[in-house]
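> The following block contains a protein sequence and its predicted model.
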Amino acid sequence: MNEQTTRAETAVDVLSIVRDLEPLLLAHAGTVEDDRKMAAEVMSALTDSGLLKMWVPRALGGMELPPDHALGVMEALARIDPATGWVVSNCVFISMLYQFLPPEVLEDLLGKRDIVTCGSFTPPGSATEHDDGYLVSGKWAFGSAIDYATSVAVLTFLTDDDGPVLDENAAPVSVVVFLDPKSVKVLDTWYTLGLRATGSTHFEVVDLEVPRDRAFVLGPWEPIEDGPFAGPLYRLGLIIDAVRIAQVGVGIAQGALEEFVELAAAKTPAYTAVLTADRATVQERVARAQALIQAGRHTLAGAVAEAWESVQDGSRITGRGCVPMGLAASFALDASVQAVDLLYESGGSTAFRDESPLQARFRDLQTLRQNAIASWSRYESLGKFILGRESDWPFHQL
């Protein structure tokens, strides 16, 4: 059996898991917005499925899927239920941040089947060296699925009695710290326009002692040459975070398109005798919407394929190497927003009602587009690279 056949079979296997989950996701989609977090039954099914370990190394019991396969799962889940697509993509990406921890800690945090890796880099907390570790304090936003976390990764700035510790470039020294969720206080702050069911609320700790082996200084990093995280997947760099966010956006837009087609075939606008689907303006808009979704999806796929090829020789994507995937992510997310805007405005008064799936997807995508990592703001950061300047976005250096 050749490698191409094996990869194709793996893709089919993980997408069959998504199909098996679909009835459960749809059963809870109408109620979890009010709860503002994932349903416990859904989270249990996700951990049992193994999908939260798509980018955990095989040596630690994960799938270690090639990026295109995992991104396809994220899109497929977001097509069914945007909140599930977001939570899975977020947990899967965060699991890659564990690669710089000692082997014994990796086994403890990632080796179990039911892991839910959560965390946030915004805003940074503080970490002060204390005994054989750090004393950590902070309040972080966007703790997606924090209620179900088995470990929590956060960004802190190293501090001492004089304030922030600076590196040789006069920038704050950043430390990624892994918290025990039992020590984390979850705050009830997630009241939002969209993606309400992701449970992306604030959380905090105050003067929490964290062992040194559960923290590491944030980059720049060299490729890992041995151990569980030595494979090419882990050389894609943090820019893959922007890609997975945009892929969720494409999935949300694809679901909106399917829902609009169903609506258009059944609705006759008031005071007219012509079905929505038979109106020329609607036909033009739905075609443009599909073109935008296709363009976003294929742009992401092309950039990821090139990146995957480039890391096979042992190099890591960082700095100017981030440009293709970064541009693809910002473009695909923007294209998805444009597509759903076209569909939403074509849905008439049906589209803005709370019971409308199209309204929910419009809200979810408007929320997702504000994520700084894949937003329109990154065009400027990437344009600096294209023009021979240094990017102002620190994660392009990781």
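Perfect, I can see it now. From a predicted model like this one, the values you see are computed outputs, not experimental measurements.

> OK, contacts around the spatially closest residue to Cys322 that is not a sequence neighbour?
Nearest residue to Cys322 in three dimensions, chain neighbours excluded: Ile239, at 4.2 Å (CB to CB, 6 or more residues apart in numbering). No exception for glycine: its C-beta is placed from N, CA and C like everyone else's. Listed by CB atoms under 8 Å, 6 or more residues apart in numbering, the contact partners of Ile239 are 317, 322, 325-326, 329, 395-396.

> Repeat the analysis, applying 10 Å as the threshold.
For Ile239, the contact set (CB atoms under 10 Å, 6 or more residues apart in numbering) comprises 303, 307, 317-319, 321-326, 328-329, 373-374, 378, 382, 393, 395-396, 398.

> so what are the domain limits for this structure?
Listed domain ranges for the chain are 3-100, 115-217, 236-397 (source: automatic domain parsing).

> the strands in the stretch 151-300 of the chain, which residues?
Secondary structure of the stretch 151-300 of the chain by DSSP state E, counting those that start in this stretch: the strands cover 151-160, 163-164, 174-179, 185-186, 201-211, 215-217.

> Sketch out the low-pLDDT regions of the protein for me.
Along the chain, the model assigns pLDDT under 70 to residues 1-12.

> Looking at it, which strand is longest?
Of all segments of type strand in the chain, defined using DSSP state E, the longest is strand 117-130.

> what's the following helix or strand after that one?
Once strand 117-130 ends, the next helix or strand along the chain (criterion: DSSP states H and E) is strand 133-143.

> For that following strand, list every residue counted as buried.
Buried residues in strand 133-143, counting neighbours by 16 or more other CB atoms under 10 Å, are found at 133-138, 140, 142-143.

> ditto for stretch 226-245
By neighbour count with 16+ other CB under 10 Å, stretch 226-245 contains the buried residues 228-230, 232-245.

> Output the contacting helices and strands for the longest helix along the chain.
Within the chain, and with DSSP state H defining each element, the longest helix by residue count is helix 280-310. On a contact count with 3 or more CB pairs under 10 Å, 6 or more residues apart in numbering; DSSP states H and E, helix 280-310 meets helix 67-80, helix 240-264, helix 323-346.

> What residues sit buried inside the last one?
By neighbour count on 16+ other CB under 10 Å, the buried set for helix 323-346 is 323-344, 346.

> cool, and the second one?
Using 16+ other CB under 10 Å as the burial criterion, the residues of helix 240-264 that qualify are 240-257, 259-260, 263-264.

> ok, Tyr148 touching Cys118?
Yes - assessed by CB atoms under 10 Å, Tyr148 is found in contact with Cys118 at 7.7 Å.

> More neighbours: which of the two?
It is Cys118, of Tyr148 and Cys118, that has more neighbours when counted by other CB atoms under 10 Å, with 29 against 22.

> what sits against the residue nearest to that one when sequence neighbours are not counted?
Spatial nearest neighbour of Cys118, excluding adjacent residues (CB to CB, 6+ apart): Ala149 at 3.9 Å. Listed by CB under 10 Å, 6+ apart, the contact set of Ala149 reads 91, 94, 115-119, 143, 179-182, 184, 186, 203.

> PyMOL command for the buried members of those residues?
The buried residues among the contacts of Ala149 can be selected in PyMOL (16+ other CB under 10 Å) with this line:
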select buried, resi 91+94+115+116+117+118+119+143+179+181+184+186+203
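
> nearest to Ala39, of the contacts of Ala149?
Val116 (13.8 Å; CB to CB).

> among the buried residues of strand 133-143, which two are most distant?
In terms of CB to CB, the buried residues of strand 133-143 reach their longest pairwise distance at Gly133 and Phe142, which sit 25.2 Å apart.

> returning to that earlier point: minimum distance to Ala280: which of the strands of the stretch 151-300 of the chain has it?
Ala280 lies closest to strand 201-211 among these, at 45.5 Å (CB to CB).

> what about dumping the CA coordinates of the closest one to CSV?
The C-alpha coordinates for strand 201-211 follow below in CSV (Å, rounded to 0.1, in the frame of the first residue of the first chain):
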residue,chain,number,x,y,z
THR,A,201,-15.1,33.0,28.8
HIS,A,202,-12.5,34.7,31.0
PHE,A,203,-10.5,32.7,33.6
GLU,A,204,-8.0,33.7,36.2
VAL,A,205,-5.4,32.6,38.8
VAL,A,206,-3.7,34.6,41.5
ASP,A,207,-0.2,33.8,42.8
LEU,A,208,-0.4,30.2,41.6
GLU,A,209,2.7,28.1,42.0
VAL,A,210,3.6,26.3,38.7
PRO,A,211,6.5,23.9,38.5
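
> Who are the packing partners of it?
So strand 201-211, by 3+ CB pairs under 10 Å, 6+ apart, packs with strand 117-130, strand 133-143, strand 151-160, strand 174-179, strand 185-186.

> Would you mark the buried spots in the longest strand of the chain?
For strand 117-130, the neighbour count (16+ other CB under 10 Å) marks 117-121, 124-128 as buried.

> Run me through the strand neighbours of that strand, direction for each.
Sheet pairing of strand 117-130 (DSSP bridges) gives strand 133-143 (antiparallel), strand 151-160 (parallel).
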